[in-house]
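*Asks:* return a 3D structure for these sequence lines:
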Amino acid sequence: MKKAFLVVTALAMACNSSQKTVSEKAGDIVKPMVGPTEYAGTITEAELKEHLYTYASDEYEGRETGEPGQKKAIAYLKSEYEKMGIPPAQSNGDYFQNVPLEVKNLPTGTMTVNGKEFPIGENMLTFSKATGNVDELVFVGFGIEEGDYSDYKDVDVDGKWVLAKAGEPMGDDGNYLLSGSEEKSAWSNMSEAPGMRMELAKNKGAKGFIYYDEANFSRYKGYYDYMQNNDSGQMGLKSDGDDSWASLFINGVLAKEILTSIDTDNDPKTIAAKIVLDLTSENEEVSSENVVAVLKGSEKPNEYVVISSHLDHIGISANGEINNGADDDGSGTVALLEIAEAFKKAADEGNGPKRSVVFLHVTGEEKGLLGSQYYTDVEPIFPLSQTVANLNIDMIGRIDPKREGDRNYVYLIGSDKLSTELHELSEEINDKYMNIELDYTYNDENDPNRFYYRSDHYNFAKNNIPIIFYFNGTHDDYHRPGDTPDKINYDLLMNRTQLIFYTAWEVANRANKVIVDKATK
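*Replies:* Here you go, the predicted model:
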């Protein structure tokens, strides 16, 4: 899409299974290097099907995070890696990376502003408790800080509550200040903007955060209402014991009660509003685990290629029906097992990857990308600075009914977001080995589905690690009991899995790391 880099010539030198070249010479001993085709051939429909009919069976009860079915799933994965002889990634010898989680039950109570009471769920929403008096509220306009622009430059928010509104500043010429054009920045992206603002406010020392977004308030309320109607809380990473931080979403009615001119006023200032928060809730701890194995690199063991899929699904419906999750993400899980087996066979024959390959099965994806968030933001087993790329697999066993064209396709998302080189490498690898139609429909920045933000690769991407997300699209059985193993297209699952293996092989064995030329920070 933007300026391109040439893929290094190592790609063109890759050998197929019928060709052998001299790759090393020690004295009189010559070691032949076998190309990836021989090992890609170990990825078969039969083995994928065998794995999936077990992994997505009723016995696993839909693999809901923290539930008995999820424990059966991680036991299965551990057993398979032990059979393959691929060791755990953690230095303590455990395949299971504990991911401490908690369910934050919906709070109850009210927010009082200048003597007027606002019950939760109407003009105000929050998903965590918030209590006490707000004696000093600081309005920070759009709540943005980027480059030379900062809404915080003239205010001190340390230990205070912050109020910010959606949107971003524009110049007199009608262009947005941050981009210098008519193009909005990530600060206007519904998926990213609230989190970015909250993180910034918290880093500035703010005690709490109130966010005014009239355009999207109904969408936040829809999520709140669903949780309330289903008597479900919000699962997240367990806090470190400091539960004083809170965030609230408000609509225009409440926002104007706090600051009458908020729609037109962008200037940071201290507001004299008297606010009383009486929103209480109780949290419940949840035990869950990532499963992580690693095949150490032969030449560059301290550089890592992470291949990921999520091991969880949504469990059992209220009426007792099991959501087996064969496609979501049983297909990605079994694909990862087969890719691991192919790499292990290569290593056993002296053709192991030059870089280390990490096989990462994450928990809590369905609860908000929690397992991958824990791996990237809290406890990376291997340094993110040495992580070359993440190839993420989430739903690759079905066909999108809305799509027209060749059935032998896969959606690619994010391949060009951070690294032009990775994107072009991916294209060339496909042309060389598989000739699958690579469909970039959902890679569009304006895609309303926001798939780029909805699977585990995003936690790597936000840390400027190049990613590719492999996806077949949704279908009528998405998040329903009908997502069963008998509906998987095993020939397509095999083809897509082999493509990912070939791509991982190239990334792991090329001379240089892929270049990040579009860093987000």
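*Asks:* is the closest residue to Tyr375 other than its chain neighbours part of a helix or strand, or is it coil?
*Replies:* Spatial nearest neighbour of Tyr375, chain neighbours left out: Asn290 (6.2 Å); criterion: C-beta to C-beta, 6 or more residues apart in numbering. C-betas here are computed from N, CA, C, even on glycine. Here Asn290 is recorded as strand under DSSP: H, G, I helix; E, B strand; the rest coil.
*Asks:* return the distance of Asn290 relative to Ile500.
*Replies:* Using C-beta to C-beta, to the nearest Å, one gets 19 Å for the distance from Asn290 to Ile500.
*Asks:* tell me, how many residues neighbour the residue nearest to Tyr375?
*Replies:* 28 (other C-beta atoms under 10 Å).
*Asks:* quick check: Val334 vs Ser57, distance?
*Replies:* Applying C-beta to C-beta to Val334 and Ser57 gives a distance of 12 Å.
*Asks:* cool, and Lys344?
*Replies:* 25 Å.
*Asks:* these two: which is more packed in?
*Replies:* Neighbour totals were compared for Lys344 and Ser57, and Lys344 leads with 21 against 17 (other C-beta under 10 Å).
*Asks:* phi, psi of the more buried one?
*Replies:* Backbone torsions of Lys344, given as degrees, to the nearest 10, read phi -70, psi -40.
*Asks:* do the same with Val294
*Replies:* Note on Val294: its backbone torsions stand at phi -150, psi 140 [degrees, to the nearest 10].
*Asks:* heads up, I number from 46, so please use that
*Replies:* Yep, numbering from 46; the last one is Val339 now.
*Asks:* which helix in the protein has the most residues?
*Replies:* helix 535-554 (DSSP state H).
*Asks:* helices or strands next to that helix in the packing?
*Replies:* helix 82-85, helix 90-100, strand 345-355, helix 377-393, strand 400-407, strand 432-438, helix 465-478, strand 512-516 (3 or more C-beta pairs under 8 Å, 6 or more residues apart in numbering; DSSP states H and E).
*Asks:* JSON lines please, covering these and showing mean pLDDT and distance to Val298.
*Replies:* Putting these into JSON lines (pLDDT from 0 to 100; distance: least, C-beta to C-beta, whole Å) gives the following:
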{"stretch": "helix 82-85", "mean pLDDT": "97", "distance to Val298": "59"}
{"stretch": "helix 90-100", "mean pLDDT": "98", "distance to Val298": "49"}
{"stretch": "strand 345-355", "mean pLDDT": "98", "distance to Val298": "39"}
{"stretch": "helix 377-393", "mean pLDDT": "98", "distance to Val298": "44"}
{"stretch": "strand 400-407", "mean pLDDT": "98", "distance to Val298": "40"}
{"stretch": "strand 432-438", "mean pLDDT": "98", "distance to Val298": "41"}
{"stretch": "helix 465-478", "mean pLDDT": "98", "distance to Val298": "46"}
{"stretch": "strand 512-516", "mean pLDDT": "98", "distance to Val298": "39"}
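*Asks:* just send those back as JSON lines, with distance to Tyr456 too.
*Replies:* Formatted as JSON lines, the helices and strands packed on helix 535-554 follow (distance: least, C-beta to C-beta, whole Å):
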{"stretch": "helix 82-85", "distance to Tyr456": "21"}
{"stretch": "helix 90-100", "distance to Tyr456": "19"}
{"stretch": "strand 345-355", "distance to Tyr456": "15"}
{"stretch": "helix 377-393", "distance to Tyr456": "13"}
{"stretch": "strand 400-407", "distance to Tyr456": "20"}
{"stretch": "strand 432-438", "distance to Tyr456": "12"}
{"stretch": "helix 465-478", "distance to Tyr456": "13"}
{"stretch": "strand 512-516", "distance to Tyr456": "4"}
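*Asks:* can you pull the contacts of Leu405?
*Replies:* 134, 335-337, 351-354, 417, 420 (C-beta atoms under 8 Å, 6 or more residues apart in numbering).
*Asks:* that one and Leu436: what is the separation?
*Replies:* 10 Å.
*Asks:* can you verify my assumption that Arg448 contacts Thr519?
*Replies:* No. Look at Arg448 against Thr519 with C-beta atoms under 8 Å: they stay out of range, at 10.6 Å.
*Asks:* got phi/psi on the residue nearest the centre of the chain?
*Replies:* Taking C-alpha atoms, centre = their mean, the centroid of the chain lies closest to Asp501, which sits 2.4 Å from it. Reported as degrees, to the nearest 10, the phi and psi values for Asp501 are phi -70, psi -20.
*Asks:* do you have the helices of the protein handy? List them.
*Replies:* Taking DSSP H as the criterion, the chain carries its helices at 82-85, 90-100, 113-129, 238-248, 262-274, 297-303, 377-393, 415-418, 465-478, 502-506, 535-554.
*Asks:* for stretch 308-326, C-alpha coordinates in PDB please.
*Replies:* C-alpha atoms of stretch 308-326 as PDB (Å, rounded to 0.1, in the frame of the first residue of the first chain):
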ATOM      1  CA  ASP A 308     -19.500  20.200  23.200                       C
ATOM      2  CA  THR A 309     -17.800  23.400  22.100                       C
ATOM      3  CA  ASP A 310     -15.200  23.900  24.900                       C
ATOM      4  CA  ASN A 311     -11.800  22.300  24.200                       C
ATOM      5  CA  ASP A 312      -9.700  24.200  26.700                       C
ATOM      6  CA  PRO A 313      -8.400  22.200  29.700                       C
ATOM      7  CA  LYS A 314      -9.500  23.600  33.100                       C
ATOM      8  CA  THR A 315     -10.400  22.700  36.700                       C
ATOM      9  CA  ILE A 316     -14.200  22.300  37.200                       C
ATOM     10  CA  ALA A 317     -15.900  23.100  40.500                       C
ATOM     11  CA  ALA A 318     -18.600  20.400  40.100                       C
ATOM     12  CA  LYS A 319     -19.400  18.400  43.300                       C
ATOM     13  CA  ILE A 320     -19.500  14.700  42.500                       C
ATOM     14  CA  VAL A 321     -20.300  11.800  44.800                       C
ATOM     15  CA  LEU A 322     -19.700   8.300  43.600                       C
ATOM     16  CA  ASP A 323     -21.500   5.400  45.300                       C
ATOM     17  CA  LEU A 324     -20.900   2.500  42.900                       C
ATOM     18  CA  THR A 325     -20.100  -0.800  44.600                       C
ATOM     19  CA  SER A 326     -19.200  -4.300  43.300                       C
END
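*Asks:* can you list the buried residues in it?
*Replies:* In terms of neighbour count (16 or more other C-beta atoms under 10 Å), stretch 308-326 has its buried residues at 311, 313, 316, 318, 320, 322-324, 326.
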